[in-house]
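A.B. asks: could you look at this predicted model? Sequence included:
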There are 2 protein chains.
Amino acid sequence: MSTAASLPPSKIPLITSVAAFREWRNEVFKAGRSVGLVPTMGALHEGHLSLVRRSLAENDLTVLSIFVNPAQFAPHEDLATYPRTLPRDIELLTAESVNVPGLDQPRVASAIFLPGVKDMYPSGINQDVNAQKGTFVEVKGYSHQMEGKSRPTFFRGVATVVTKLFNVVQPTNAYFGQKDIQQAFLLRRLCLDLLLGHPDPLHLHIVPTTREQDGLALSSRNAYLSPTERRYAPVLYEALRMAEAAWKTGEKKIECVRLAVGHIQKCTERAKTDPEQVVEMRLDYVEMNDVESFDELGDEMSLSVSRPVGSASAEVVGDGSDKQVILSGAIWVGKTRLIDNIVL
Amino acid sequence: MSTAASLPPSKIPLITSVAAFREWRNEVFKAGRSVGLVPTMGALHEGHLSLVRRSLAENDLTVLSIFVNPAQFAPHEDLATYPRTLPRDIELLTAESVNVPGLDQPRVASAIFLPGVKDMYPSGINQDVNAQKGTFVEVKGYSHQMEGKSRPTFFRGVATVVTKLFNVVQPTNAYFGQKDIQQAFLLRRLCLDLLLGHPDPLHLHIVPTTREQDGLALSSRNAYLSPTERRYAPVLYEALRMAEAAWKTGEKKIECVRLAVGHIQKCTERAKTDPEQVVEMRLDYVEMNDVESFDELGDEMSLSVSRPVGSASAEVVGDGSDKQVILSGAIWVGKTRLIDNIVL
């Protein structure tokens, strides 16, 4: 990815190979110190930094990894243009510290792990899934709903790279953002199923989404938005909030989703004729899914109805009263795809 | 799998849960001692014991795991009838010891790991691949040749369960038999690709096949053979030896395979009219594959020809002179499927 010569200056040690990281980790194991991992694709923002602060507070040592993972991008997606901002990432991370009772000095991050593509994919990696060779990890039954519907090989790429990262970093705790909620729950299942000890599923933490003042969830992809597009970007969260409010008053799922979709469609119309810039918006999906199975709720489901009338039993995945529900969606604003969710 | 109450007596500690094994392993980590793992499905024979002796000689502590892995059996295969002989397995393992220079006492196995199906598959495991849910590991491009051709989901089951075993046991060294050569090479690639540290690919050892006096490779499935079938069982190895001899004299691959197949067919005819018992034999395959890519050699390949005349370039995977070749095969003897191989 980067040679030592091309690396920006950094007070926090940059570890650029798997072999070097293993050495670092072995020393830390011997010293009996805990390690928190914040896995990222770089282009750090306040959302990532909130994960870093959690990790600093809860672990002796914190490692942030930066790796733009080819395997989770489809050939038509934005791998080539995904923002790469290493000098700025280092600056932001260096500025983070947490005061810990009993320590003289504030705690700062201990290492940035920057593996190269060859290091992470020793058998190589092809963007075309059908041409891929080597070892891949798949979480079957949890990868085809919500985000997996729109991005059919996305979670296979995520599961594979995170398994590798966990195997190298062997974190005591790992931190993921709620914005990618399906990813976080799916990785927790991966830890459970693969019997990972570092981290075990209980030490994979999901940290609430950080938002702009207008509600927009922070995302590295927000950088793609033009100023006008940026004004429309909070529409998804507004729509989810409307659905949430309706759900809480006892509305059926189908009505909640209809409300959210209606709001997005109204804004889509407005955006088409915006005097500043014509903004093309497009709804990808708004859905409500059981938090454990990821199955879609039946249309008739509601907070108060434990068994919806007339819905197929296969759709009934929770009784709405004691199981959590993921309300999530994705929209296109211009050429930028945005996602968001609320856990009900 | 078995409750403490139903376990046979054993001088070697039996560890029956993942949680208990992790505790044991953590103590061993702290003590800085090396751990060798011999993963088995039980029904131990001299082949397994040769792996155990290697492990005893090379590690402070040796763990033998016994787990009959549902995920590597197809629905029509012999999961239900696979031999389960725990008391005898314990006896055989207890009798093994290795004298190590500098130690007063001969070294013996330190633990038998006997996880249950629920422990190994927290999300459950269905024999029908299409109905499976949860996390699975696949080694793409290396699972559809040789054994993978006849058993299309076999290696997915193997890769998944061994990843889990490695994650729990975290062996310094792991030992596999050459009889399952594709499995061993594929798992080495898995360690490489998934960046496993315990074991790393260099510490996954492949131990030569143990054979009966007549050449038959030891296998737990040999127990299925009737005495008459047993007499025909060495036919596969004989056939491979004939192909090996021809290869060494410079014969083309297609001729080597033809020789082996011819021998098996001749014996198949004889077996049909055996005066003791009619034995139904059937050739599954005899093939020659590149040891690294697992690709089939081109028909015209030979030891001396570096670029075969007239074969498709995609088939040319090694020049025969400096790359190793796997000569392998499978036959049915009655209802028992036997495999064997020679590395050329």
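C.D. replies: On my side now, so go ahead. Numbering: from 1, shown residues only, chains lettered A, B, ... in the order given.
A.B. asks: show me where chain A has its strands.
C.D. replies: Secondary structure of chain A, counting by DSSP state E: strands at A:14-15, A:35-40, A:61-66, A:111-113, A:134-140, A:173-177, A:204-207, A:281-290, A:325-333, A:336-343.
A.B. asks: pLDDT of the third one, averaged?
C.D. replies: When pLDDT is averaged along strand A:61-66, the result is 98.
A.B. asks: sheet partners, orientation included, of that strand?
C.D. replies: Taking DSSP bridges as the criterion, strand A:61-66 forms sheet pairs with strand A:35-40 (parallel), strand A:111-113 (parallel).
A.B. asks: now that strand and strand A:173-177, what's the angle there?
C.D. replies: Our comparison of strand A:61-66 with strand A:173-177, counting by axes from the mean of the first three to the mean of the last three CA atoms, to 10 degrees, yields an angle of 40 degrees.
A.B. asks: what comes into contact with strand A:61-66?
C.D. replies: Taking contacts as CB atoms under 8 Å, 6 or more residues apart in numbering or on different chains, the residues outside strand A:61-66 that touch it are A:28, A:33-42, A:48, A:52, A:55-56, A:86, A:89, A:93, A:107, A:109-115, A:165, A:169, A:171. (Glycine included, C-beta is placed from N, CA and C.)
A.B. asks: tell me the buried residues in that strand?
C.D. replies: Under the neighbour-count criterion of 16 or more other CB atoms under 10 Å in any protein chain shown, strand A:61-66 has A:61-66 buried.
A.B. asks: ok, the fifth one next?
C.D. replies: By neighbour count on 16+ other CB under 10 Å, the buried set for strand A:134-140 is A:134-140.
A.B. asks: same check on the second one?
C.D. replies: Within strand A:35-40, the residues that qualify as buried by neighbour count (16+ other CB under 10 Å) are A:35-40.
A.B. asks: any idea how far stretch A:282-293 is from the chain center?
C.D. replies: Stretch A:282-293 has its average C-alpha position 15 Å from the chain's average C-alpha position, going by CA atoms, centre = their mean, to the nearest Å.
A.B. asks: how far away is residue A:90 from residue A:115?
C.D. replies: Spatial separation of residue A:90 from residue A:115 under the definition CB to CB, to the nearest Å is 16 Å.
A.B. asks: what's the answer for residue A:329, then?
C.D. replies: Going from residue A:329 to residue A:115 by CB to CB gives 33 Å.
A.B. asks: who has more neighbours, those two?
C.D. replies: When neighbours are counted by other CB atoms under 10 Å in any protein chain shown, residue A:329 comes out ahead of the other of residue A:329 and residue A:115, with 26 against 23.
A.B. asks: for the more buried one, give the beta-bridge partners.
C.D. replies: The bridge-partner assignment for residue A:329, based on DSSP bridges, gives residue A:286, residue A:340.
A.B. asks: contacts only, for it.
C.D. replies: Contact analysis of residue A:329 by CB under 8 Å, 6+ apart lists A:236, A:239-240, A:260, A:264, A:283-287, A:339-341.
A.B. asks: so it versus residue A:91, what's the distance?
C.D. replies: With distances taken as CB to CB, residue A:329 is found 33 Å from residue A:91.
A.B. asks: list the contacts for residue A:256?
C.D. replies: Residue A:256 makes contact with A:243-244, A:246-247, A:288, A:327 under the criterion CB under 8 Å, 6+ apart.
A.B. asks: around chain B, which positions in the stretch 151-300 of chain A sit nearby?
C.D. replies: Counting by CB under 8 Å from any CB of the partner chain, the residues of the stretch 151-300 of chain A close to chain B are A:159, A:163-164, A:167-168, A:170, A:189-190, A:192-197.
A.B. asks: next: the stretch 1-150 of chain A.
C.D. replies: Within the stretch 1-150 of chain A, the positions adjacent to chain B are A:18, A:22, A:29, A:120-123, A:132-142 by CB under 8 Å from any CB.
A.B. asks: what about residue A:261, how many neighbours?
C.D. replies: Here the neighbour count serves as a burial measure; for residue A:261 (other CB under 10 Å) it reads 16.
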